[in-house]
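**Student:** Based on what follows, work out the 3D shape:
(chains A and B)
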Amino acid sequence: MSHWKKTATIFFSALREIFDEAAYTRFLRRTKMASSPAAYAAFWRERETSAPKPRCC
Amino acid sequence: MLDGMNRSLSILLWGVVSVLAAAAIAVIAIHRSEPINALWLVTAATCCYALGYRFYSKFIAAKILAVDALRATPAERLENGRDFLVTNKWVVFGHHFAAIAGPGPLVGPVLAAQFGYLPGTLWVLAGAVFAGCVQDFVILLFSVRRDGKSLTEMAKEETGVIGGIVAYAAVIAILIILLAVVALVVVNALKDSPWGTFTIAMTIPIALLMGIYLRRIRPGRVLEVSVLGFVLVLLAIWGGQWVSRDPTTANLFTLSAPTLAISIIIYAFAASAVPVWLLLAPRDYLSTFVKLGTIGLLGIGIVAIHPTLHMPAFTRFVDGTGPVFAGKIFPFAFITIACGAISGFHSLISSGTTPKLIARETETRMVGYGAMMAESAVAVMAIIAACVLQPGVYFAINSPAGVVGQTAIAATTTISNWGFPVTAADMQALAQAVGEHTLFNRTGGAPAFAVGMAHIFSQTLGGGTVMALWYHFAVMFEALFILTILDAGTRVARFMVQDALGHIYKPLGRTSWYPSIISTSALIVAAWGFFLWQGVKDPLGGINSLWPLFGIANQLLATVALCVATTIIIKMHRSRYAAVTLIPLVWLVAVTFTASWHKIFDPDARVGFLAQARALAAGPATGASARLIFNNRLDAVVTALLLVMVALVLIESVRQWIGVLTGRREARVKEVPFVMTRLAEERA
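**Tutor:** Numbering: from 1, shown residues only, chains lettered A, B, ... in the order given. Presented below is the predicted three-dimensional model:
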């Protein structure tokens, strides 16, 4: 993989992690569900039971 | 031979960086006759960060923490695909930076610029390299070695029960004061500004639309919907100019400070009670998208334009008579800058989600120390944005009417008499250029930062004709940041209160039980709403009393974090290196305790809460003065309580240190046992 391609891959991976896309993908893999409004609702139900991510000042 | 050459090259390279750092700092510290270029600040910052990272953080990692690439992290041992997850270090870096970067490093340095550019710049650089980055790094590593435990849990285990209770109470107190002060910053930026208010109001339906899109149309496509949301926000900024020009709509969106405060309180209560996916999460995504983009853009803009700083190195207000906030450089510059140099709040992130993602211990250095350096760089940008303004303009924007006078003529005369020439016509022209009716008395730092940022951007992209768009983009950027913190902070505080109340009555601890959600949300919103209302009604602009209170609370939390870190270092038998956390701790204790003492007992009514209460009591008795007297006394009590709590942690920690160092107490750290990583074998 070229240096630029690797950098771009890491950059988009970071964005996917920051924007919870990666977390949703992991949720789908873990629960063996296909992406759907119901799956996304279940993803958020699970998230809402854990403490929210703090955002600093 | 090749090794020897590389070594020589390395010595030469770092020698050049050191000389460059010394030269840049010498220029910004000694140069007095003419304005200096912002590139000197950029050079000093880049070189200091590079040296700090290459040498100081490496020393800490090797000699004190003994970070071990072979030791399995909780992300590896406890991987569950949910909280614990082995993640690429750059991805963790981005995640951590997005969580720690907020409005603090933008607002604090802008306010502290009243002393001149030099005190703030030196503290941001030294504070970050020797204190803030160190705190974030060591707390992250210690949390990694304890299965990602939180600061409050580590405080309880390592310094005793009092440490845990105080850390918990300090977090709640800081959250409440933080939410009040950031809400006040938004109120001051949006009051009587139909354009700004319209833009921010539009982010609510945009966020709702994003939430519904994510839930119903394209589940999980967050990046895609964030781009869409960003485009809609840009359209809202563009449309705001028409709203502000039309008398009917302008009237609708021209809100006074009290009306805005009530609107924000109602909004935050609703946002903390509705499902996260509907409003909070989409707004958070939108805010993060704008935040990362704007910070990057501002960095590029500053380097490309390399503007001249018009603010002198020191102003006459080093004597404590400043109009933005009262108090001398020591301790108030250090309290005010807060997050750009060291932030106690970061220790919560470093012991929150981040330690659960770290793949190798060695990566804590880059994530903990490195991300704080990036945050500090944002603070340097904020200093530059504030100091590119003519000082007279800076003071006209940031000074409350209670200090400089109610009318434009009175304000400009007062400020010009201080030696910072500015005219009412200058201010009117500037207000027109940014699409506002007036820029006087826009306290809180955000509007001054927005004007500075618009000034920098308009020189690169679009020229003076788009100054108004850049100004409102900057206001939107900060307000979006802050509203996200209001949403998320209220929810975090609600979870903490529910957790505590669950010990008294179990159903109250259930985060899905609506009576508990409503009552605890109301409690938290009422608490910060009270301080916000107090700030809005304060004749000195509110920032004068609330920002130092926030700074003290934030730095006191850093004191707790450094107490925990020092205790662990001593228990690890690394006491000869304990100065690495002990010196910043001693400094913070000196700063916070002195500031607290001044805020409570200083005889100057602009500094001391009790003195102000006495001055008000001596004046004519009205309903407003009675409320202000009560508020000032309450602020004094809150400050004293914070001080007592942290003094207790300090005493408890010192007892631990003496016990361990004299051999009377067992030096046992509560780390999880060593487990060999599988990642190394896999790579081999």
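
**Student:** Buried residues, whatever helix or strand B:R633 lives in. List them.
**Tutor:** Per DSSP states H and E: B:R633 is located in helix B:623-661. Using 16 or more other C-beta atoms under 10 Å in any protein chain shown as the test for burial, helix B:623-661 gives B:625, B:628-629, B:631-632, B:635-636, B:638-640, B:642-643, B:645-646, B:649-650, B:652-653, B:656-657, B:660. All C-beta atoms are positioned from the backbone trio N, CA, C, and that covers glycine.

**Student:** Output the contacting helices and strands for the helix ranked longest in chain A.
**Tutor:** Across chain A, the helix with the greatest residue count (assigned by DSSP state H) is helix A:3-18. Judged by 3 or more C-beta pairs under 8 Å, 6 or more residues apart in numbering or on different chains; DSSP states H and E, the packing partners of helix A:3-18 are helix A:21-31, helix B:89-100.

**Student:** starting at the chain centroid, how far to it?
**Tutor:** What separates the centre of helix A:3-18 from the centre of its chain is 14 Å, taken as C-alpha atoms, centre = their mean, to the nearest Å.

**Student:** If you count neighbours, what's buried in that helix?
**Tutor:** Across helix A:3-18, burial judged by 16+ other C-beta under 10 Å covers A:10, A:13-18.

**Student:** For chain B, state which of the residues you listed is nearest.
**Tutor:** For those, the residue nearest chain B by C-beta to the nearest C-beta is A:A14; the value is 3.4 Å.

**Student:** quick one, phi psi at B:T592?
**Tutor:** Note on B:T592: backbone dihedrals following degrees, to the nearest 10 are phi -70, psi -40.

**Student:** number of nearby residues for it?
**Tutor:** When neighbours are counted by other C-beta atoms under 10 Å in any protein chain shown, B:T592 registers 27.

**Student:** Please name the nearest non-neighbouring residue to it.
**Tutor:** Distances taken as C-beta to C-beta, 6 or more residues apart in numbering or on different chains place B:Q555 nearest to B:T592, at 4.8 Å, with adjacent residues excluded.

**Student:** wait, the one you found sits on B:G344?
**Tutor:** Yes - between B:Q555 and B:G344 a contact is recorded at 6.3 Å, counting by C-beta atoms under 8 Å.

**Student:** Can you name the residues of the stretch 451-600 of chain B that neighbour chain A?
**Tutor:** Counting by C-beta under 8 Å from any C-beta of the partner chain, the stretch 451-600 of chain B comes close to chain A at B:484-485, B:488-489, B:491-492, B:495, B:511-512, B:550, B:554.

**Student:** so what's B:E681 scoring on pLDDT?
**Tutor:** Listed pLDDT for B:E681 reads 66.

**Student:** returning to that earlier point: mind giving me a markdown table with the helices and strands packed on helix A:3-18 and columns for distance to B:V227, mean pLDDT and mean neighbour count?
**Tutor:** Listed next are the helices and strands packed on helix A:3-18 as a markdown table, based on distance: least, C-beta to C-beta, whole Å; pLDDT from 0 to 100; neighbours: other C-beta atoms under 10 Å in any protein chain shown:
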| stretch | distance to B:V227 | mean pLDDT | mean neighbour count |
| --- | --- | --- | --- |
| helix A:21-31 | 13 | 92 | 17 |
| helix B:89-100 | 16 | 90 | 24 |
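
**Student:** who wins for proximity to A:A42 among the ones you listed?
**Tutor:** Between A:A42 and those, the tightest spacing by C-beta to C-beta is seen for helix A:21-31, at 7.1 Å.

**Student:** Run the angle between that closest one and helix A:3-18 for me.
**Tutor:** 70 degrees (axes from the mean of the first three to the mean of the last three C-alpha atoms, to 10 degrees).

**Student:** So B:A611 sits against B:D602, correct?
**Tutor:** Yes - the criterion here is C-beta under 8 Å, and B:A611 meets it with B:D602 at 6.1 Å.

**Student:** Which SSE is immediately downstream of the helix or strand hosting B:A374?
**Tutor:** For B:A374, the host element (DSSP H and E) is helix B:371-387. Sequence order places helix B:391-398 as the next helix or strand after helix B:371-387, per DSSP H and E.

**Student:** which ones are touching the residue nearest to B:T592?
**Tutor:** By C-beta atoms under 8 Å, 6 or more residues apart in numbering or on different chains, the residues touching B:Q555 are B:334-335, B:338, B:342, B:344, B:588, B:591-592.

**Student:** likewise B:G94?
**Tutor:** Taking C-beta under 8 Å, 6+ apart, one finds A:14-15, A:17-18 in contact with B:G94.

**Student:** A:C57 is nearest to which of the helices and strands packed on helix A:3-18?
**Tutor:** Smallest distance to A:C57 across the helices and strands packed on helix A:3-18 (C-beta to C-beta): 9.1 Å, for helix B:89-100.

**Student:** in the stretch 151-300 of chain B, which spans are helices?
**Tutor:** Here the stretch 151-300 of chain B has its helices, by DSSP state H, counting those that start in this stretch, at B:151-159, B:161-190, B:194-212, B:222-245, B:247-253, B:257-273, B:280-305.

**Student:** name the helices or strands packed onto the helix or strand where B:Y49 lies?
**Tutor:** If you go by DSSP H and E, B:Y49 is part of helix B:38-51. Packing contacts for helix B:38-51, counted by 3+ C-beta pairs under 8 Å, 6+ apart, involve helix B:2-30, helix B:117-127, helix B:280-305, helix B:371-387.
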